[in-house]
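Undergrad: Make a model of this:
(chains A and B)
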Amino acid sequence: MKTNKKLFAGGLGQLTIPVIAIVLLVIFNLIRDPGFFGIAVMHNNDGNIVLTGNLISIINGASELAVLAMGMTLVTAACGGQDISVGAAAAIAGSVLVKVLKSASAINGGTVILAFCSACIVAMIFGAFNGVLVAVFKIQPMIATLILYTCGRSIAYWINGGATPTVSSPIINAIGSFIPGIPIPTPVLIVALMAILFKLLFHFTSLELFTQSVGVNGSAARLNGINSTFIKLLSFIILGVCVSVAGTIGVSRLGLINHETLLLDVEMDTILAVAIGGNNLGGGKFKISGSIIGAYVIQMLTITLYAMKVSSTDVKAYKAIVIILLVVIGSPVVKQRFGKLVEKLMSNKKTVSVKGAE
Amino acid sequence: MQEATLLQMRHIDKRFPGVLALNNVDFTLRGGEIHALMGENGAGKSTLIKILTGVYQMDGGEILVEGEQATIRSPQDAQNHGISTVYQEITLCPNLTVGENMFIGRENSPWIKHKEREERADEILGQLGIPARSTQQLGSCSLAVQQMVAIARAVDMNCKVLILDEPTSSLDDKEVNMLFSLMKDLKSKGVGIIFVTHFLEQVYEVSDRITVLRNGELVGEYLTSELPQVELVAKMIGKELDELSALSEVDEKKSVQGEVFYEARDLSSSDAMPFDFTIRKGEVNGFTGLLGSGRSESVRAIFGADKVTGGKVKIKGEEVKITHPIDAMKHGIGYLAEDRKRDGIIADLSVRENIILALQVMNGMFKPISRSESEAFADEYIKVLNIKTASRETPVGSLSGGNQQKVILARWLLTHPDYLILDEPTRGIDVGTKLEIQKLVLKLAEDGVSVTFISSEVEEMLRTCSRLIVMRDRHIVGELKGQDLTQAKVMKTIAGGEKQNENE
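TA: Okay, the predicted model is just below:
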């Protein structure tokens, strides 16, 4: 009985919906094609031993989304709104990265780090710009970030003078695909690293508690001495870091920066990942892990649809259908009804077992 | 002048989950009278008004309008019966013109006859002597005029009963006078006006009759001219001996002679008038006064909760600057806010997280309290304060009001404050918990903590405080201690004390 209860208690938690969605997608794919998740060990063009297969490409392909979703979760929790400029900001960060790399005489470890740091600082500045609009001027996050959403890709265009320069370097290649000797794609490792960094951040600071307090009840948080303006601003700056990481992965995959197409339309998928992860888009309590799973759900869905030979123009429509289902099932109304149903079933069971005992 | 009965509410009952908000309340309004509806917070005034305007449905009783049974299920029904309401917050559209506001939502024809409407609007405004033109944008008028336009709109809808809910709270003296002359004008035209306010002087200036509610029950209906202010205050606050009087014998009100812990001179904030205040180490004092008298605003100024606009503050004799809550907290001040839901609990977070919050803020972002430490703190205070919760990880929002309050108390006790401000810590919680909180306050004082205690229940304050600061209409009007700490004295001071900090 006790284990039963625990199962249900956990079963109604925040991660239920995304986990169930992943499991259903896996089962669906296994029925459709038992070999879908087969993982093969292969030599790639560079002669490295690497893992390949649908599962690997799903996890790899979701990397930028997962990184952005982590930062977006924090902004959502603190501000009760979303940043729709992440795609455009990533294009800026990517352009800065390439600009610095291009201006260096030779691309080595040092220049790559310098280029990434520059991209990161620029992205944090743009994050702070959004953050000031939201936290200080109290503009709705979606409206505030609409500004950068609109002009971000133009700024990216100016940085490299309108060209789409390429960078070819084994280091950049390693970031975008595989590090020699390691069979796991590097972007996947970067996601893991970012997740660990967030974990450490929450462990060594009280940011999580403060962010949730500001998101749940800003007035009470203020009266407890929390500087909510700072917390909101900080969430946008941290998202800036995530943006620069995502932009770097994106640029490294292709070895070039295309300011028009880099991470195009990623902002909506990011918000969706946060929502599928069971986080309240109105702010408050959050789970970064939920958003990461949400990112993988979206990517698995996309890959599944492609594998089913759905044409790329139709994919969006099918995706929308599944997402509607997920969001409705995850809505408070359905959750509450489900909770009541479980309660009813449990109490029925209890009376039955009590009767049985008698 | 007095006409026949216009509106009768008989035996009105209204239940909310767990509370009887109105219990067998009668209310009668005659044509051509201004009838003040009085009562402290939670007395049932707004519930009664909302039943009358169709926002709530009553659970029992009947409403008669001009002698005929009336069913009021929606604000529209109320309007059809000639009952109109003007709320404290203006509910018109500031970006439309005065004339448009007066007719919006009332025209059946899809074609708007601008000319006709403007003329009609100007006519009404002229009749009522309201200084506004129909073509003027509403937002450009003063608040008082906006309020009057709302009234004009109500009047034009053939209203017989006009409800004014706290209409004067955002007006200055001159504007109040303008509003009053309009009210008197309407009265002479036979309209019955229900006037809800917490300003005692205004009630005496303009009303003919007073109905007093307390704890959802009718206390009585009186002619204003026959009810002295002191008695009104007594009726609003209630004098019945309550279950807790046992406590009063325990405590002898010795005046504390310790060093002065906190001292403010001419302290003012965006919401509080300048005032002076001191508290000694180990002293329990209190601010008393009716709702809206400025008691909460004053303590909020001490804590830096509102924008502090002036004054000098000394802690232990040293001048300090407190402009934000964090400043106050760093100087050892804790503040339990009046509105528990809005300013106190973080509902979705656990009991544990709520308890450690203030201490964590004081420790700073980079010294997080470890999980095991925070669990130990939570367990300790759950035990000490006897907080009834399923576990320390239960969201605090699912606890009862009294236990939520204890969680917030625990939050501040954990910071080991030198000075604790408790604004209505016992509101809306059960009798047992009230007693526990009062005992705790006395215990804290014994341990050398200074406490400022605010409560709507005078009894409760007399039991715990050794000094009472009395406020009326945002000014301190008296200070009582020792032998003067009696209910009669408190009421007398609330009703008739001289203003001390009138001139700033």
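
Undergrad: quick one, phi psi at the residue in chain A positioned nearest to chain B?
TA: Residue nearest to chain B within chain A (CB to the nearest CB): residue A:225, separated by 3.6 Å. Placement of C-beta: from N, CA and C, glycine included. The phi/psi pair for residue A:225 (degrees, to the nearest 10) reads phi 90, psi 10.

Undergrad: measure the nearest residue to residue A:33 once chain neighbours are set aside to residue A:301 for me?
TA: Spatial nearest neighbour of residue A:33, excluding adjacent residues (CB to CB, 6 or more residues apart in numbering or on different chains): residue A:307 at 7.4 Å. From residue A:307 across to residue A:301, the span is 11 Å (CB to CB, to the nearest Å).

Undergrad: repeat for residue B:230
TA: Per CB to CB, residue B:230 is found 73 Å from residue A:301.

Undergrad: Looking at those two now, which is surrounded by more residues?
TA: A direct count of neighbours by other CB atoms under 10 Å in any protein chain shown for residue B:230 and residue A:301 places residue A:301 higher, at 21 against 15.

Undergrad: The more buried one reaches residue A:322, doesn't it?
TA: Yes. When contacts are counted by CB atoms under 8 Å, residue A:301 is listed as touching residue A:322 (5.7 Å).

Undergrad: what's residue B:451 in contact with, if anything?
TA: Going by CB atoms under 8 Å, 6 or more residues apart in numbering or on different chains, residue B:451 touches B:283, B:284, B:285, B:419, B:420, B:421, B:422, B:441, B:444, B:445.

Undergrad: what about 10 Å?
TA: By CB atoms under 10 Å, 6 or more residues apart in numbering or on different chains, the contact set of residue B:451 is B:279, B:282-286, B:334, B:417, B:419-422, B:440-442, B:444-445, B:464-465.

Undergrad: Let me know the helix or strand that it is in.
TA: strand B:450-454 (DSSP states H and E).

Undergrad: Partner strands of that strand and their direction?
TA: Strand B:450-454 has the following strand partners under DSSP bridges: strand B:284-288 (parallel), strand B:419-423 (parallel).

Undergrad: Can you give the distance of the last one from its chain's centre?
TA: In other words, strand B:419-423. 18 Å (CA atoms, centre = their mean, to the nearest Å).

Undergrad: can you check the first one too?
TA: What separates the centre of strand B:284-288 from the centre of its chain is 17 Å, taken as CA atoms, centre = their mean.

Undergrad: average model confidence for it?
TA: In this model, strand B:284-288 carries a mean pLDDT of 91.

Undergrad: Any residue of the one helix or strand residue B:408 maps to touching chain A?
TA: Using DSSP H and E, residue B:408 maps to helix B:401-413. Yes. Helix B:401-413 is in contact with chain A by CB under 10 Å from any CB of the partner chain, via B:408, B:411, B:412.

Undergrad: Against residue B:391, how distant is the last one?
TA: Note on residue B:412: its distance to residue B:391, by CB to CB, is 22 Å.

Undergrad: how many other residues sit next to residue B:11?
TA: Neighbour count for residue B:11, taken as other CB under 10 Å: 14.

Undergrad: What secondary structure category should be reported for the spatially closest residue to it that is not a sequence neighbour?
TA: Nearest residue to residue B:11 in three dimensions, chain neighbours excluded: residue B:61, at 4.1 Å (CB to CB, 6+ apart). State at residue B:61, reduced to three classes by DSSP: H, G, I helix; E, B strand; the rest coil: strand.

Undergrad: pretty sure residue B:61 contacts residue B:9?
TA: Yes. In this structure, residue B:61 is within contact of residue B:9 by CB atoms under 10 Å, at 6.7 Å.

Undergrad: on that earlier part again, which of residue B:412 and residue B:391 has more neighbours?
TA: Neighbours were tallied for residue B:412 and for residue B:391 using other CB under 10 Å; the higher tally belongs to residue B:412 (22 against 10).

Undergrad: Would you agree that one is in contact with residue B:421?
TA: Yes. Contact criterion CB under 10 Å: residue B:412 and residue B:421 qualify, at 9.1 Å.

Undergrad: Pull up the overlap in contacts between these two.
TA: With CB under 10 Å, 6+ apart, residue B:412 and residue B:421 have common neighbours B:333, B:334, B:335, B:336.

Undergrad: How about the last one, nearest residue that isn't a chain neighbour?
TA: Spelled out, that is residue B:336. Leaving aside its chain neighbours, residue B:336 sits nearest to residue B:422 (4.8 Å; criterion: CB to CB, 6+ apart).

Undergrad: same deal with the third one?
TA: Using CB to CB, 6+ apart and skipping the chain neighbours, the partner closest in space to residue B:335 is residue B:303 (4.1 Å).

Undergrad: for that neighbour, what are its contacts?
TA: Contacts for residue B:303 (CB under 10 Å, 6+ apart) come out as A:223, A:225, B:269, B:322, B:324-325, B:327-329, B:333-337, B:419, B:421, B:423, B:452.

Undergrad: again with residue A:40
TA: Residues counted as contacts of residue A:40 (CB under 10 Å, 6+ apart) are A:50, A:51, A:52, A:53, A:56.

Undergrad: residues from the stretch 151-300 of chain B in reach of chain A?
TA: Residues of the stretch 151-300 of chain B found near chain A (CB under 10 Å from any CB) are residue B:300.

Undergrad: Hmm, I typed the wrong one, I wanted the stretch 401-504 of chain B.
TA: So the stretch 401-504 of chain B meets chain A at B:408, B:411, B:412, B:415 (CB under 10 Å from any CB).

Undergrad: would JSON lines of these with pLDDT be doable?
TA: Formatted as JSON lines, these follow (pLDDT from 0 to 100):
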{"residue": "B:408", "pLDDT": "95"}
{"residue": "B:411", "pLDDT": "96"}
{"residue": "B:412", "pLDDT": "96"}
{"residue": "B:415", "pLDDT": "95"}
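
Undergrad: Return the closest of the residues you listed with respect to residue B:485.
TA: Nearest to residue B:485, judged by CB to CB, of these is residue B:412 at 26.0 Å.

Undergrad: Let me see the contact set for the residue nearest to residue B:361 when sequence neighbours are not counted.
TA: Nearest non-adjacent residue to residue B:361, counting by CB to CB, 6+ apart: residue A:225, 4.3 Å away. Residues in contact with residue A:225, defined by CB under 10 Å, 6+ apart, are B:303-304, B:324-330, B:335, B:357-358, B:360-362, B:415.

Undergrad: Please apply the same query to residue A:262.
TA: By CB under 10 Å, 6+ apart, the neighbours of residue A:262 are A:64, A:87-88, A:90-95, A:153, A:156, A:164, A:246-247, A:250-251, A:253-254, A:256.

Undergrad: And for the residue in the stretch 151-300 of chain B that chain A sits nearest to, the neighbour number?
TA: Across the stretch 151-300 of chain B, no residue is closer to chain A than residue B:300, which sits at 8.9 Å (CB to the nearest CB). For residue B:300, the count of nearby residues is 25 (other CB under 10 Å).

Undergrad: is it true that it touches residue B:343?
TA: Yes. Between residue B:300 and residue B:343 a contact is recorded at 9.5 Å, counting by CB under 10 Å.

Undergrad: who touches both of these two?
TA: With CB under 10 Å, 6+ apart, residue B:300 and residue B:343 have common neighbours A:223, B:335, B:337, B:423.

Undergrad: Now the last one: closest residue in space that isn't a chain neighbour?
TA: The one in question is residue B:423. Closest to residue B:423 by CB to CB, 6+ apart is residue B:338, at 4.2 Å.
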